[in-house]
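Undergrad: fold the following, please.
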Amino acid sequence: MTPEDIVAVLVVDDQELVRGGLRRILRRRDGFVVTECADGEQVPAAVAASDPDVVLMDLRMKRVGGIDATRRLREHADAPPVLVLTTFDDDHLLSGALRAGAAGFLLKDSPAEDLIRAVRTVAAGGAWLDPAVTGRVLSTYRSAPAVARTDARLAELTAREYEVLELIGRGRVNAEIARALGISEVTVKSHVGHIFGKLELRDRAAAIIFAFDHAVVAPGASGF
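TA: Next up is the predicted model:
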C-alpha cells in the first residue's frame, strides 16, 4: 500500500466509545490514519494539526454541534469534506447539516463495509447519502413551504439537464435516472457533471438542496 492510498480521517464525536469503535473499523492496515477530537470547537485546531482527507462528524455535541462545526469548516476553500454520522432521532438536523456543507450522511448503525466505502467516497470528492437518510431529508423538505428562490443559472440548463436535476432532487441515483429517462448511465453522468458545473454545486447533497430551494422539486412531490 502506497502513501497515496492512505486516507487520513478526523473523527469528531463526544462519546469515547463511539470514537473507539470507529478507530477499530478504520484501521491503518486497511489504509486509514485516524485522529480524533471530542467536540466541534476543537475541529479547526485538529484539522490544522492532522490535515485530514475527510472529517467524520457527529451532529450532537456538548459545546459546538456538528452543524455549526461543519459550517465554520466549509467557509474555507481548502477545507476537507465532511461526512456526517447520524442516528434515527437526528431527522430535524439533517437539512441544516446539508446546508452547512456536509458531503454526505451515514447512520451510526451502518455495517462497517458501508462506513469504509462512505469514507473513501467522500475523501475522493464524492457524496454519500444513506438511502434511509436521504428519504428523511426529502420528507423534511416536502413538509416545508416552497422557497422558490430565483437563480439565473437555472436558465443555463438544457431541458434534459433540468429533468435530471429534478430526479436528483427526488433522491434518484444515476441508474434510476437512466431508466426513467430512457438513456444510458454514461449519458446521465455527463448531464450530472454539466449540472454541477453550471449551478456551481459540489455534490448530490448540494444538488438536492438546490432543487428544493428553487422549486425544481416541490414539497409533496412523490417519487422517492
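Undergrad: run through this structure and note the low-pLDDT ranges.
TA: Per-residue confidence for the chain (pLDDT under 70) gives these ranges: 1-4, 88-92, 132-150, 218-224.
Undergrad: can you pull the domain assignment for it?
TA: 3-140, 146-213 (automatic domain parsing).
Undergrad: could you dump these to CSV with mean neighbour count?
TA: C-beta: built from backbone N, CA, C; applies to glycine. As requested, those are exported to CSV (neighbours: other Cβ atoms under 10 Å):
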stretch, mean neighbour count
domain 3-140, 18
domain 146-213, 17
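Undergrad: Provide the secondary structure category for the residue lying closest to Ala38 once chain neighbours are set aside.
TA: With sequence-adjacent residues excluded and distances taken as Cβ to Cβ, 6 or more residues apart in numbering, Ala38 is closest to Asp14, at 5.1 Å. Judged by DSSP: H, G, I helix; E, B strand; the rest coil, the three-state class of Asp14 is coil.
Undergrad: residues contacting Asp14?
TA: 38-39, 58, 60-62 (Cβ atoms under 8 Å, 6 or more residues apart in numbering).
Undergrad: what does it show for phi and psi?
TA: phi -90, psi 0 (degrees, to the nearest 10).
Undergrad: and the longest helix for this structure?
TA: In the chain, with assignment by DSSP state H, the single longest helix is helix 185-199.
Undergrad: distance of the residue most central in space within the chain from Val186?
TA: The centroid of the chain falls nearest to Gly104 when counting by Cα atoms, centre = their mean (1.9 Å). Distance, Gly104 to Val186, by Cβ to Cβ, to the nearest Å: 23 Å.
Undergrad: swap in Gly169?
TA: 21 Å.
Undergrad: starting at the chain centroid, how far to stretch 152-163?
TA: 23 Å (Cα atoms, centre = their mean, to the nearest Å).
Undergrad: contact partners of that stretch?
TA: Counting by Cβ under 8 Å, 6+ apart, 165, 181, 191, 194-195, 198-200, 214, 216 sit against stretch 152-163.
Undergrad: JSON lines for the residues you listed, including distance to Ala159?
TA: Output for the contacts of stretch 152-163, formatted as JSON lines (distance: Cβ to Cβ, whole Å):
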{"residue": "Leu165", "distance to Ala159": "11"}
{"residue": "Leu181", "distance to Ala159": "11"}
{"residue": "His191", "distance to Ala159": "11"}
{"residue": "His194", "distance to Ala159": "13"}
{"residue": "Ile195", "distance to Ala159": "12"}
{"residue": "Lys198", "distance to Ala159": "13"}
{"residue": "Leu199", "distance to Ala159": "15"}
{"residue": "Glu200", "distance to Ala159": "20"}
{"residue": "His214", "distance to Ala159": "16"}
{"residue": "Val216", "distance to Ala159": "13"}
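Undergrad: ok, of these, which one's closest to Ala46?
TA: Closest approach to Ala46 among the contacts of stretch 152-163 (Cβ to Cβ): Glu200, at 28.5 Å.
Undergrad: spatially nearest residue to Glu185, not counting backbone neighbours?
TA: Nearest non-adjacent residue to Glu185 (Cβ to Cβ, 6+ apart): Ala178, at 4.7 Å.
Undergrad: report the separation between the nearest residue to Lys189 once chain neighbours are set aside and Ala102.
TA: Nearest non-adjacent residue to Lys189, counting by Cβ to Cβ, 6+ apart: Asn174, 6.0 Å away. Here the distance between Asn174 and Ala102 works out to 21 Å (Cβ to Cβ).
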